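# Here you go, sequence then predicted model.
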Amino acid sequence: LGQIPADGLGAVQRLFSAGLGYARAHETIRLPVVPGWVQGTLATRPAVVARYQSPSGSFDIIHACLRAVRTSFGRSLPLSAERWIISELLPRHPFSLFVFSDLDRQHWHFVNVPFAPQTAKRQVHRRLSLRSNEPLALAAHCLSLIDLKELASVHPSLSPQLIQRCHDSAFDPDAAAGRFYRECECIYHELHAELQGHPAQDRRLRAYALELLTRLLFICIVQRTGLLAGDCRFLTNLWQAYLRTRPDGGTFVQDWLEGVFFKVLSSSGQPRKTLMRNLPPAMRSLLVDLPFLEGGLFSCGANTGTSEPAHGPVVTDAFFERMLQFLENHPFTPREDTALDQQLAMGPAMLGRVYEGLINATEERSQRSKSGIYYTAPTEAGLMCRLALADWLANHLGCEHQSLLLRVLFAAGADDERAADAELSSRGLWPRLKVLVDSVTVVDLACGSGAFLISMYQVLDGLLTRANREVGVPETAAERRRRIVATSLHGVDIKEWAVA
């Protein structure tokens, strides 16, 4: 698995043949007329590179090489091209795993499409990403669940349908998220036990442990954007720099990391240079240009009640190294999942799930019930947001348009989207819809960690992208998204941590 970025397709074929028990294959697949926008990204024609053959059919491992494109998160494989290729090949290869790579072999996507009846239009793509210098533990676990040798020991008579069900189970993002949450919970309880020698009240120790873990998870997500000095391994490299210059009697969390949290990420401009005097000059010059991340997450003592980091509990270097090893074993992503594209990686929604789940663990049962602290999965939040927006738009545009508005908001892929958009255009509704969506105000009166606000942001962003295209409004994605966040979305909560 670790040889894939270096050896490319040969390593993939060895993985599936020698490692997982599939037979090698090399069968180029003919595509119909390829649209120009796909042709520009398609570097090689798709091919079956491994296969399990049975009398009832085959399960295929299909590979295609694409040209990477630049996104707001750096260079990546074009997801729209992946979706078009899969939609073309799936009717002929209903039991398959799709593997995409770029020309430099630095980006790899293993895409599972859960089996559904042919009448189902909504193809859900579950994506496992591999890149050089990235953790392999999750990928190794998922792939171990589709090992034909192991499956044959449990199911003497294998079939493509059975193998597909095993793939669907192995690439289940909810299962991966559940494992990650349970590990986070263990780390949290270990950290709480580590802090027991501090004289602070137990409630404050739990709050400190929760804040520290949440901040570290947030850093792991943000560093994937390259915003932290362009370093996707910022936290690890900061730890390594500390080890090279470790002072006597100090600790990494108190002497370095809390300085980054409270004196760098929560401040901006000239004050940073004077606040970081305890750090080596080379590190000060690197950290001074980090982005200012306002919002309260890096406000000192938000839940602990301490006014200065030095007054808080002490986390030993040995325990921080334990936490770092845990974080390094998991892939993180800044991308948000959608109803049709899901990643096997820990993203912003997972941060909310961990935070709310551990808040539940720190609250008394009666207090949790009284406060109404419950986690809402992104799928459920997205469904409720679309239904609510469809009702609101129908109230303004006319109830006779409600079924069409539901088709617009629940479009299953590009073809359904184009058909629904064309129908909306034929009724002359796009200009009025654009005005309404631009002016909508969404308030979540118990926002928690923002699950519903994030889902509504995604729904509004997608709808405004289409509305701008239909009415000819030239607005960049960054401008559109800033406007949505600044004018349309509001959250209120009785819990200070929720709105900090």
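Arrived safely, thanks for sending. As the structure is a computational prediction, the values presented were derived from the model and not from experiment.

# what comes into contact with stretch 130-145?
1-2, 4-6, 15, 19-20, 106-110, 128, 150, 166, 169-171, 176, 233, 328-331, 344-345 (Cβ atoms under 8 Å, 6 or more residues apart in numbering). The C-beta positions use only the backbone N, C-alpha and C, and glycine is treated the same way.

# the longest strand in the chain is where?
Of all the segments assigned as strand in the chain under DSSP state E, the longest by residue count is strand 57-66.

# Mind giving me the packing neighbours of it?
Strand 57-66 makes packing contacts with helix 9-14, strand 47-54, helix 79-89, strand 96-102, helix 160-170 when contacts are defined by 3 or more Cβ pairs under 8 Å, 6 or more residues apart in numbering; DSSP states H and E.

# try it again with 10 Å
In terms of contacts (3 or more Cβ pairs under 10 Å, 6 or more residues apart in numbering; DSSP states H and E), strand 57-66 is packed against helix 9-14, strand 23-28, strand 47-54, helix 79-89, strand 96-102, strand 107-112, helix 160-170.

# so which of those gets nearest Val442?
Val442 sits nearest to helix 79-89 of all the helices and strands packed on strand 57-66, at 26.6 Å, using Cβ to Cβ.

# Check the separation of the first and last residues in stretch 99-111.
For stretch 99-111, the first-to-last residue distance is 6 Å (Cα to Cα, to the nearest Å).

# average pLDDT for it?
Model confidence over stretch 99-111 averages 93 on the pLDDT scale.

# Equivalent analysis for stretch 411-428, please.
The average pLDDT within stretch 411-428 is 87.

# got it, and stretch 146-153?
Across stretch 146-153, pLDDT averages out at 93.

# just the helices in the stretch 151-300 of the chain please.
In chain order, the stretch 151-300 of the chain shows helices spanning 160-170, 173-194, 202-222, 234-244, 252, 258-259, 271-275, 281-287, with DSSP state H, counting those that start in this stretch as the criterion.

# Quick one: residues contacting Ala43.
Remark: with contacts taken as Cβ atoms under 10 Å, 6 or more residues apart in numbering, Ala43 is in contact with Ala64, Cys65, Leu66, Arg67, Ala68, Ser101, Asp102, Leu103.

# Which residue, other than its chain neighbours, is closest to it?
Closest residue to Ala43 apart from its sequence neighbours, by Cβ to Cβ, 6 or more residues apart in numbering: Cys65 at 4.2 Å.

# How about Arg165?
Nearest to Arg165 is Phe115, by Cβ to Cβ, 6+ apart, at 7.2 Å.

# would you say that neighbour is within a helix?
No - residue assignment for Phe115, taken from DSSP: H, G, I helix; E, B strand; the rest coil, gives coil, which places it outside any helix.

# quick one, what contacts it?
Under the criterion of Cβ under 10 Å, 6+ apart, the neighbours of Phe115 are Leu90, Pro94, Phe95, Ser96, Pro160, Gln161, Gln164, Arg165, His167, Asp168.

# Span of stretch 330-347 from start to end?
With Cα to Cα as the measure, stretch 330-347 spans 11 Å from end to end.

# what is the rounded mean pLDDT of that stretch?
Per-residue scores along stretch 330-347 average to 85.

# now swap in stretch 178-198 and tell me
For stretch 178-198, the per-residue pLDDT values average out at 87.

# Buried residues in it, which are they?
Phe180, Tyr181, Cys184, Ile187, Tyr188, Leu191, His192, Glu194, Leu195 (16 or more other Cβ atoms under 10 Å).

# Report the two of those residues separated the most.
Taking Cβ to Cβ as the measure, the buried residues of stretch 178-198 span a maximum distance of 22.6 Å, between Phe180 and Leu195.

# now the strands for the stretch 351-500 of the chain?
442-444, 489-491 (DSSP state E, counting those that start in this stretch).

# Report the buried residues of the first one.
Buried residues in strand 442-444, defined by neighbour count with 16+ other Cβ under 10 Å: Val442, Asp444.

# which strands and helices sit next to it?
Secondary structure elements in contact with strand 442-444, counted by 3+ Cβ pairs under 10 Å, 6+ apart, are helix 378-397, helix 451-471, strand 489-491.

# what does the last one give?
Taking 3+ Cβ pairs under 10 Å, 6+ apart as the contact definition, the neighbouring helices and strands of strand 489-491 are strand 442-444, helix 451-471.

# got a list of contacts for it?
With contacts defined as Cβ under 10 Å, 6+ apart, strand 489-491 is touched by 440-450, 452-454, 456-457, 460, 498-499.

# next one: the first one
With Cβ under 10 Å, 6+ apart as the contact definition, strand 442-444 has outside contacts at 381, 385, 388-389, 392, 450-453, 456-457, 459-460, 484, 488-493, 498.

# quick one: strands adjacent to it?
Note on strand 442-444: by DSSP bridges, its sheet partners are strand 489-491 (parallel).

# Please point out which parts of the partner strand sit buried.
Leu489, Gly491.

# Stretch 14-31 too?
Of the residues in stretch 14-31, those buried by neighbour count under the rule 16+ other Cβ under 10 Å are Arg14, Leu15, Phe16, Ser17, Leu20, Gly21, Tyr22, Ala25, Ile29, Leu31.

# Tell me the pLDDT of the residue nearest to Ala43.
The per-residue confidence score, pLDDT, reads 95 for Cys65.

# Using the three-state scheme, assign the nearest residue to Pro378 once chain neighbours are set aside.
Beyond its immediate neighbours in the sequence, the residue positioned closest to Pro378 (Cβ to Cβ, 6+ apart) is Ala349, lying 4.8 Å away. Counting by three-state DSSP, the backbone at Ala349 sits in helix.
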